[in-house]
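Asker: Okay, sequence plus prediction incoming.
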Amino acid sequence: MYPMKLTPAFKDYLWGGARLRTEYHMQSDLDKLAEAWVLSCHKDGPSVVANGELAGMTLEAAIDKLGKDCLGTKGKAFAFFPILIKLIDAKDNLSIQVHPSDEYALRVEGEFGKTEMWYVVDCDPGAYLYYGFNREIAPDEFARRIADNTLLEVLNKVEVKKGDCFFIESGTIHAIGAGLLIAEIQQNSNTTYRVYDYGRVGADGKPRQLHVEKAKEVTQLCPPTAAYGAVQTVEGKARLASCKYFTVDKLEVRGETGLSVDGASFASLLCLEGCLIVEAAGQSVSMVPGDCVFLPASLGGVQLKGNGAVVCSRV
């Protein structure tokens with residue numbers, strides 16, 4: 001086992017921009033790079049191992065070859081690989097949307113639901129997002145506001161700044177706004193129910209599909225309950241999120257920082273800034289912003305050298 005640098009899968013959704021190409025030097029033939037799925041075992045966009053003896057294999061195939069022990073005892077408890085990590089460049093507004101719970105998604109969609117978290121990597125001045133409702137509303141009002149295009153009036157609009165963090169539990173209505181660059185750690189699911197899409201049309205010239213009836217069944221009609229906003233860093237570490245699906249920390253590296261990857265869980269490192277070297281098991285791999293490295297469980301001691309910052313995710 002060794003630190004595996006990953007090549008992402010890309011998505012060209014109509015709201016995407018060019019920052020992943022121009023600032024993060026990601027290469028793709030797609031016109032727009034809306035999302036980079038930097039750590040993914042999902043069929044809709046698997047990431048690929050870029051280094052070492054498993055180079056060229058999808059992450060899922062590499063895990064199968066290594067054996068499920070590389071996921072750790074917590075990772076093996078999930079029926080599927082548990083998390084998906086993305087970089088999202090929103091040049092334009094994303095749709096108003098909601099994700100279902102595990103129970104609903106497994107019954108209706110055949111995959112897990114989607115609880116996620118956002119870390120604001122960068123944003124334009126005045127950028128904002130929608131996060132839950134600004135008050136409790138009744139089901140009939142929800143349906144009426146969807147029908148008459150006044151839903152935005154009852155959503156919780158939050159102006160954001162670089163370094164803010166949001167925890168979006170399944171059932172929470174939300175939308176990333178224009179001018180935001182987001183690191184998203186989520187359950188390994190691609191189930192999204194659009195509620196409102198600003199009247200936009202897709203590449204086929206037709207309005208993009210909405211999923212209003214399903215959204216009515218899963219949306220929590222209340223303000224968000226989780227705290228959000230600025231994250232405090234203590235002794236070089238900031239806990240961004242912790243739930244039954246994932247635990248996410250931000251690590252600042254100034255010279256050298258160590259971490260341990262034991263038998264409980266694998267870890268992933270997403271570089272946010274700077275230039276770093278990851279050393280473990282006698283091997284090393286370099287990281288620049290946008291790079292993601294998968295660390296198999298039981299890899300042991302890992303050294304991060306250089307100056308920069310990473311998001312470290314485990315289950």
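Answerer: Structure received.
Asker: Reduced to three states, what does residue 215 come out as?
Answerer: helix (DSSP: H, G, I helix; E, B strand; the rest coil).
Asker: Repeat that for residue 69.
Answerer: What three-state DSSP gives for residue 69 is helix.
Asker: Tell me the pLDDT of it.
Answerer: Each residue has a pLDDT score; the one for residue 69 is 96.
Asker: and if you look at residue 221?
Answerer: Per-residue pLDDT puts residue 221 at 98.
Asker: for residue 232, same thing?
Answerer: If you check residue 232, the pLDDT there is 75.
Asker: dump the residue contacts of it.
Answerer: residue 238 (C-beta atoms under 8 Å, 6 or more residues apart in numbering). Where you see a C-beta, it was placed from the backbone N, CA and C, and this is true even at glycine.
Asker: Distance check, it against residue 140.
Answerer: Note on residue 232: its distance to residue 140, by C-beta to C-beta, to the nearest Å, is 41 Å.
Asker: Check residue 33 too.
Answerer: Separation of residue 33 from residue 140 (C-beta to C-beta): 41 Å.
Asker: more neighbours, those two?
Answerer: For residue 33 versus residue 140, the count of surrounding residues by other C-beta atoms under 10 Å is larger for residue 33: 26 against 8.
Asker: give me phi/psi at the more buried one?
Answerer: phi -110, psi 90 (degrees, to the nearest 10).
Asker: quick one: contacts for it?
Answerer: Counting by C-beta under 8 Å, 6+ apart, residue 33 has contacts 10-12, 16-21, 26, 89.
Asker: Show me which of those residues are buried.
Answerer: The neighbour count (16 or more other C-beta atoms under 10 Å) marks 10-11, 16-17, 19-21, 26, 89 as buried among these.
Asker: Which ones among those residues map onto strands?
Answerer: Among these, the ones falling in strands (DSSP state E) are 10-11, 89.
Asker: Identify the residues contacting the residue nearest in space to the middle of the chain.
Answerer: The residue lying closest to the centre of the chain (C-alpha atoms, centre = their mean) is residue 184, at 2.2 Å. Counting by C-beta under 8 Å, 6+ apart, residue 184 makes contact with 85-88, 116-119.
Asker: Name the helix or strand of this structure that has the lowest mean pLDDT.
Answerer: Within the chain, confidence by mean pLDDT, DSSP states H and E is lowest for strand 229-230 among all helices and strands, at a mean of 86.
Asker: elements contacting that one?
Answerer: Applying 3 or more C-beta pairs under 8 Å, 6 or more residues apart in numbering; DSSP states H and E, we find strand 229-230 packed against strand 164-168.
Asker: How far off centre is the strand it packs on?
Answerer: Remark: strand 164-168 is offset 11 Å from the chain centroid, using C-alpha atoms, centre = their mean, to the nearest Å.
Asker: Can you list the helices and strands that the helix or strand just after that strand packs against?
Answerer: Moving toward the C-terminus from strand 164-168, the next helix or strand (DSSP states H and E) is strand 174-176. Contacts defined by 3+ C-beta pairs under 8 Å, 6+ apart place strand 174-176 against strand 96-98, strand 128-133.
Asker: quick one: strands adjacent to the longest one?
Answerer: The sheet places strand 128-133 alongside strand 155-159 (antiparallel), strand 174-176 (antiparallel), with pairing taken from DSSP bridges.
Asker: re the thing from before, which among the buried ones among the contacts of residue 33 gets closest to residue 242?
Answerer: Using C-beta to C-beta, residue 89 is the member of those that sits closest to residue 242, with 26.4 Å.
Asker: Out of the contacts of residue 184, list just those in strands.
Answerer: 85-88, 116-119.
Asker: Would you format those as a markdown table with pLDDT included?
Answerer: A markdown table is the format used below for the ones in strands among the contacts of residue 184 (pLDDT from 0 to 100):
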| residue | pLDDT |
| --- | --- |
| 85 | 98 |
| 86 | 98 |
| 87 | 98 |
| 88 | 98 |
| 116 | 97 |
| 117 | 97 |
| 118 | 98 |
| 119 | 98 |
